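*Asks:* my questions concern the predicted model and sequence given below.
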Amino acid sequence: MPYKVLIVEDQEMPRQLFEIFVRSDPRYTLVASISNAELAIDFCSHGTVDLILMDVMTELGSSGLDAAEAIKTRYPSIRIIIVTSMPEASWLRRAREIGVDSFWYKEAQKEPILTVMERTMAGERVFPDETPVVPIGFTNNHDFSERELEILRELITGDSNAEIGERLGIAASTVKYHVQNMLEKTGMHTRTELAAVARSLGIAIK
Amino acid sequence: MTALGLLPIPMQNFVCLWALLLCLGQIAETVLLWRQKRYGLCAATVLCFACSYFILQVCRAGTEWRLHGQGEPVAMAALKLPGGLYLAIFLLLTALCVLLYRSVVAWRTEHVTSASIKESVDGLPAGVCYYLEDGRCIFSNHRMNDICFSLMGCSLQNGAALYAHVCDNPICALPDRTAVSFRHRLLTYGGAPLHELIADDITELYEKNRLLRADNERSRQLSDSMRAYGETISDTVRRQEILQAKANIHDEMNRMILATGKSVQDGTRAERGDILRMWQSQALLLCKEADTHKSSNTVSDLNALAAVIGLRLIWQGVPDSGDPAVLTLFLAAAREAMANAAKHAGASVLTICAEEDEAALSVRFTNDGTPPARPVAESGGLATLRRRLEAAGGRMDIRSQPVFCLAVTIPKGGTPHAV
C-alpha cells in the first residue's frame, strides 16, 4: 500500500519538482498539491494523508510550522517533512520542538528528498546539523550569535531599541550593542540595510 | 638724645606727616573692624588713633612754639621728651596698624558675609530668587533678573508674578539661545513662608533633547519604511523566485533548441524521443505559468480539498483580488461552507458564486444537500467566521430555505487575519 503524500508548497516550480519525485516512486501516491498550509489540516482530518512535504512560508502568509504543530497535536501518526530554502535558524529549532519528523533544505542539502522521505517513513528523524551558510556582507549567517539573530529578527519590524529590548527582556543599550556588532561584522552602514538584507536572504524572518 | 622740640623743621614735618597717615589708617581700620563686629580690636585701634593724634598735636604745638614762642603747657612738656621715645612709639603704632590691617583682610577671606554671598550668587549660571508670600523679592541674582526681563519684559519686582508666568511651562528657551528650567520650593524662614524659585541652566540638555527629537523623528521615518518593507517583502521575494524560475525556463528552452538542432542533423530516434518529451514537459510548464491567476492557488487548493471530501465545486466566477486579506477571509468562508455542506447537508455539489467590484468581494455558497429544517443557530465555525468578517468591516448572511445559502461580503483594503 503506497504512502499517501500531501505537498504543501506555494511555488509552482518546486511543487512540480516534488510531484515528479512522488510520482516517480511507486512507494508513494500523491493526494494533492496545495499552496496553503492551513488547508493541510482539513486534508488530514479526512484521514487521507500519511506524509506531508510542508513549506514554511505558504500562500496568504500561512505558516507551515504553525500548521505542522496543529497537525502533530491532532494527528501525531502523520509524518511531516519541512522543506524550505530559507536559512532562518529559528525554523530548524522550532521544527524539532514541535515534533516535526524531518527537515530538508531545498537547495543546500545534498541528500535527495526521496531518501529523506524513505528514512522518515522508516521512523527516522532526519535533520540537518545546521542551517546553510549564507554570505551577508563581509561575513555569513553562522557568525551571528543566537542573541544577535534574535535581535536581527526583531529589527525587521522597524521597532526601536527600547521596544525590541522590552520584547526580548534586555536593555535597549544591549540591543544597540548587538546591532553595532552586527554592523561591524557585515560592514553595513545602517540597521535598516542590515535588516533588509537579512530578511531578503532569509537569515532572519519574523 | 635730642628732644622732639629741638628737632630740625623738616624732621618735625616728617614726624607730623607720619602721624597724620597713621591717624587716617587707624580711622579706616576702626570702621572695617566695626563692620566686622570685632569690637575689642576696634577699641584698641581707637586707642592707637588717640596716641597718633596726640603726637600730631604735639608736633603742631612745636610749630607754634617756634613761630610765636609759646604753646600749651602739656604740649610744651611733651616737646621736652626725648625724640627716641617718639620714634619707638611711632614704630610700635605703625606695626600695630599693619597687623590690624592684615587681620582685617584675613578675617574677610575666612568669613562669609552677606556681600560675599550676594557676589557669589550673582556669579552663578542659574537664576535665584527668594520672595515672600506677597511676591516681594528679598533676594535675587543678576541672572534671575535677566531671565525675568527676557520672559516678562520688566525687571524682577514680584517673584510670585514670575512664578505664575512659568509654572505651567517650566522649561523656557530664552532669546540669548540659552534654556532654563524653573523649579519652585516653599520654605519656612523665621516662621513665615518663603518661596524659592531657581532657574537652572539646561542649555546643553535642551540642545541635546532637540537633537534627540530630530533623531527620533528620523528613526521613526526609518522604522515606518522598515515596516512597509516588512509588509511587502514576502511578495518581493516571491516575485524574485518567480523571475528566477522564468529565467531557468528560458535557459532550458535555449538548451533544448540547441539540442534539437543537433538532433535533427545527426541524432538517433531515441534521442529525438527524449527531446520531444522535454519539449512537452516545458510546454506544459509554460501553459501552467500562463494560466496563473491571482487567486488560482486558492481556487485549486479548494478544488483539491473538495475532491478529498467528496464534493464537486461549481465556480460561477472566481475571486480576482490579489489582496491577501480578502483571499484569507474568502478561504475561511469557503472552508466553512464546504465543511457544512459535507457534514450537515450531505451535499455532493457546492456552488460558489463570486462577484467583485472595486470596493468588495461578494460570494454566495449554495449546496445541493438537504436544507436545514430549522433556522441555523450560529455557533462554532459560523460564529467565528461572522466575527472575523465583521471585524474586517464585512458582513455575513445565512438563508436556510429553499436551499442553504451562505453569503459573505468582504471589503477590500482590510488587514489579513490568520485562517
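*Replies:* Happy to help now that I have it.
*Asks:* what's the closest non-adjacent residue to residue A:195?
*Replies:* What sits nearest to residue A:195 in space, not counting adjacent residues and going by CB to CB, 6 or more residues apart in numbering or on different chains, is residue A:155, at 4.1 Å. No exception for glycine: its C-beta is placed from N, CA and C like everyone else's.
*Asks:* please report how far that neighbour lies from residue B:215.
*Replies:* 17 Å (CB to CB, to the nearest Å).
*Asks:* quick one: which of those two has more around it?
*Replies:* Set side by side, residue A:155 and residue B:215 show more neighbours around residue A:155, with 27 against 10, by other CB atoms under 10 Å in any protein chain shown.
*Asks:* so the more buried one is in contact with residue A:179, correct?
*Replies:* Yes. Residue A:155 is within contact range of residue A:179, at 7.0 Å (criterion: CB atoms under 8 Å).
*Asks:* need the overlap of contacts for those two.
*Replies:* The contact sets of residue A:155 and residue A:179 overlap at A:191, A:194 (CB atoms under 8 Å, 6 or more residues apart in numbering or on different chains).
*Asks:* what's near enough to touch whichever residue of chain B sits closest to chain A?
*Replies:* Per CB to the nearest CB, residue B:226 is where chain B lies closest to chain A, at 3.2 Å. By CB under 8 Å, 6+ apart, the contact list for residue B:226 reads A:155-158, A:192, A:195-196.
*Asks:* quick one: mean pLDDT for stretch A:93-108?
*Replies:* Averaging pLDDT along stretch A:93-108 gives 88.
*Asks:* do the same with stretch B:404-413
*Replies:* Over the span of stretch B:404-413, the pLDDT mean works out to 87.
*Asks:* any residue of that stretch up close to chain A?
*Replies:* No. Stretch B:404-413 is not in contact with chain A by CB under 8 Å from any CB of the partner chain; minimum separation 13.1 Å.
*Asks:* and the helices in chain B?
*Replies:* Along chain B, the segments classed as helices by DSSP state H run B:9-35, B:39-68, B:73-79, B:83-110, B:114-122, B:142-152, B:159-166, B:203-266, B:269-290, B:296-309, B:324-343, B:380-391.
*Asks:* could you pull out the helices for chain A?
*Replies:* Assigned by DSSP H, the helices in chain A fall at A:12-24, A:37-45, A:64-74, A:89-97, A:113-121, A:146-155, A:161-168, A:172-186, A:191-201.
*Asks:* quick check: residues of the stretch 251-400 of chain B near chain A?
*Replies:* Near chain A, when you scan the stretch 251-400 of chain B using CB under 8 Å from any CB, you find B:285, B:288-289, B:292, B:297-298, B:300-302, B:304-305, B:307-309, B:324, B:327-328, B:331, B:335, B:339.
*Asks:* are any of those residues buried, and which?
*Replies:* By neighbour count, with 16 or more other CB atoms under 10 Å in any protein chain shown, those hold B:285, B:297-298, B:301-302, B:304-305, B:308-309, B:324, B:327-328, B:331, B:335, B:339 as buried.
*Asks:* CA atoms of stretch B:148-162 as CSV?
*Replies:* Taking C-alpha atoms only, stretch B:148-162 is exported to CSV below (Å, rounded to 0.1, in the frame of the first residue of the first chain):
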residue,chain,number,x,y,z
CYS,B,148,12.7,87.9,34.2
PHE,B,149,13.4,90.7,31.7
SER,B,150,13.6,88.2,28.8
LEU,B,151,10.4,86.5,29.7
MET,B,152,8.2,89.3,31.0
GLY,B,153,9.8,92.5,29.6
CYS,B,154,10.4,94.0,33.1
SER,B,155,12.9,93.7,35.9
LEU,B,156,12.3,91.3,38.7
GLN,B,157,10.0,93.0,41.2
ASN,B,158,7.5,90.4,42.0
GLY,B,159,8.6,86.8,42.4
ALA,B,160,5.1,85.4,42.6
ALA,B,161,4.3,87.0,39.2
LEU,B,162,7.3,85.4,37.6
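*Asks:* please name the nearest non-neighbouring residue to residue A:36.
*Replies:* Closest residue to residue A:36 apart from its sequence neighbours, by CB to CB, 6+ apart: residue A:59 at 4.3 Å.
*Asks:* I misspoke; the intended subject was residue B:342.
*Replies:* Counting by CB to CB, 6+ apart, the residue nearest residue B:342 is residue B:309, at 4.9 Å.
*Asks:* could you check how far that neighbour is from residue A:32?
*Replies:* Residue B:309 is 11 Å from residue A:32, where distance means CB to CB.
*Asks:* which parts of chain A sit against chain B?
*Replies:* So far as CB under 8 Å from any CB goes, chain A lies against chain B at A:10-13, A:16, A:31-36, A:38-39, A:42-43, A:46, A:48, A:57, A:59-62, A:155-160, A:190-192, A:195-196, A:199-200, A:202, A:206.
*Asks:* can you flag the buried ones in those?
*Replies:* Counted by 16+ other CB under 10 Å, these give A:10-13, A:16, A:31-36, A:38-39, A:42-43, A:57, A:59-62, A:155-159, A:191-192, A:195-196, A:199, A:202 as buried.
*Asks:* count the neighbours of residue A:183 for me.
*Replies:* Count around residue A:183 with other CB under 10 Å applied: 16.
*Asks:* mind checking pLDDT for it?
*Replies:* On the pLDDT scale, residue A:183 is placed at 92.
*Asks:* what does residue B:284 give?
*Replies:* Residue B:284 is assigned 62 on the pLDDT scale.
*Asks:* please apply the same query to the one 4 residues further on.
*Replies:* The predicted structure scores residue B:288 at 55 on the pLDDT scale.
*Asks:* same deal with residue B:1?
*Replies:* Here, the pLDDT recorded for residue B:1 equals 47.
*Asks:* any idea how far residue A:166 is from the one residue in chain A that gets nearest to chain B?
*Replies:* In chain A, the residue that lies nearest chain B is residue A:158 (3.2 Å; CB to the nearest CB). Taking CB to CB as the measure, residue A:158 falls 15 Å from residue A:166.
*Asks:* what's the answer for residue B:212, then?
*Replies:* Separation of residue B:212 from residue A:166 (CB to CB): 19 Å.
*Asks:* OK, contacts around residue 72?
*Replies:* Here I'm looking at chain A. Counting by CB under 8 Å, 6+ apart, residue A:72 touches A:78, A:80, A:98-100.
*Asks:* my question was about chain B
*Replies:* Residue B:72 touches residue B:61, counting by CB under 8 Å, 6+ apart.
*Asks:* check residue B:55 too.
*Replies:* Contact analysis of residue B:55 by CB under 8 Å, 6+ apart lists B:15, B:19, B:86, B:89-90.
*Asks:* okay, it: pLDDT?
*Replies:* pLDDT, residue B:55: 84.
*Asks:* now do the contacts for residue 146.
*Replies:* Going with chain A. residue A:89.
*Asks:* if you could check chain B rather than the one you did, that'd help
*Replies:* By CB under 8 Å, 6+ apart, the neighbours of residue B:146 are residue B:127.
*Asks:* quick one on the thing from earlier: could you dump the contacts of residue B:55 to CSV with neighbour count, distance to chain A and pLDDT?
*Replies:* Shown next, in CSV, are the contacts of residue B:55 (neighbours: other CB atoms under 10 Å in any protein chain shown; distance: CB to the nearest CB, whole Å; pLDDT from 0 to 100):
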residue, neighbour count, distance to chain A, pLDDT
B:15, 21, 81, 81
B:19, 24, 78, 88
B:86, 20, 82, 80
B:89, 16, 79, 87
B:90, 17, 77, 85
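*Asks:* what's the closest non-adjacent residue to residue A:37?
*Replies:* Nearest residue to residue A:37, sequence neighbours excluded (CB to CB, 6+ apart): residue A:67, at 3.8 Å.
*Asks:* what's the spacing between the one you found and residue B:194?
*Replies:* Residue A:67 is 73 Å from residue B:194, by CB to CB.
*Asks:* those two - which one has more neighbours?
*Replies:* residue A:67 (24 against 16).
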